[in-house]
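Colleague: can't give you the sequence, but here's the structure:
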Ligand SMILES: [Zn+2]
């Protein structure tokens, strides 16, 4: 349901990647469905506008060193994983089924 992709942040001051106070303003439109008794059910909520007002590092207590990071920067180079498909030599004994 949440199609607003969440941003990631990094604090260059302390290296924090996980703890931030994020202040967000958003304008939403929703179908307010009242029962005869006056109970409200909010349906079809839609985010019309969303603005991140402030991101504060919990450890530093301020947001001066906080930078937004993109998904690309987050991705690991992926070199730790090596496939053994090519150049793998089978030794007779290891593949024997007893
Ligand atoms: Zn920090």
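Modeller: Received it, and whenever you're ready, just let me know what you need. Not measured: the values here are computed from a predicted model.

Colleague: tell me which residues of the longest strand along the chain come out buried.
Modeller: Secondary structure of the chain read by DSSP state E shows that its longest strand is strand 40-57. Buried residues in strand 40-57, counted by 16 or more other CB atoms under 10 Å: 55, 56, 57. The way it works is simple: take the backbone N, C-alpha and C, and place the C-beta from them, glycine included.

Colleague: and those residues as a markdown table, adding distance to residue 24?
Modeller: Below are the buried residues of strand 40-57 laid out as a markdown table (distance: CB to CB, whole Å):
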| residue | distance to residue 24 |
| --- | --- |
| 55 | 9 |
| 56 | 12 |
| 57 | 16 |
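
Colleague: filter these down to the ones near the ion?
Modeller: Counting by CB under 5 Å from the ion, residue 57 from those sit close to the ion.

Colleague: thinking again about what came up before, identify all contacting residues around the longest strand of the chain.
Modeller: 4, 7, 9, 11, 13-14, 16, 19-35, 62-63, 65-66, 68 (CB atoms under 8 Å, 6 or more residues apart in numbering).

Colleague: redo that, cut-off 7 Å
Modeller: 4, 7, 9, 11, 13-14, 16, 20-34, 62-63, 65-66 (CB atoms under 7 Å, 6 or more residues apart in numbering).

Colleague: residue 26: neighbouring residues, count only.
Modeller: 11 (other CB atoms under 10 Å).

Colleague: any idea how far the spatially closest residue to it that is not a sequence neighbour lies from the ion?
Modeller: Excluding the flanking residues, the one nearest residue 26 by CB to CB, 6 or more residues apart in numbering is residue 50, at 4.3 Å. When distance is defined by CB to the ion, to the nearest Å, residue 50 is 24 Å away from the ion.

Colleague: mean confidence for stretch 26-34?
Modeller: Across stretch 26-34, pLDDT averages out at 96.

Colleague: pLDDT of stretch 11-18, averaged?
Modeller: 96.
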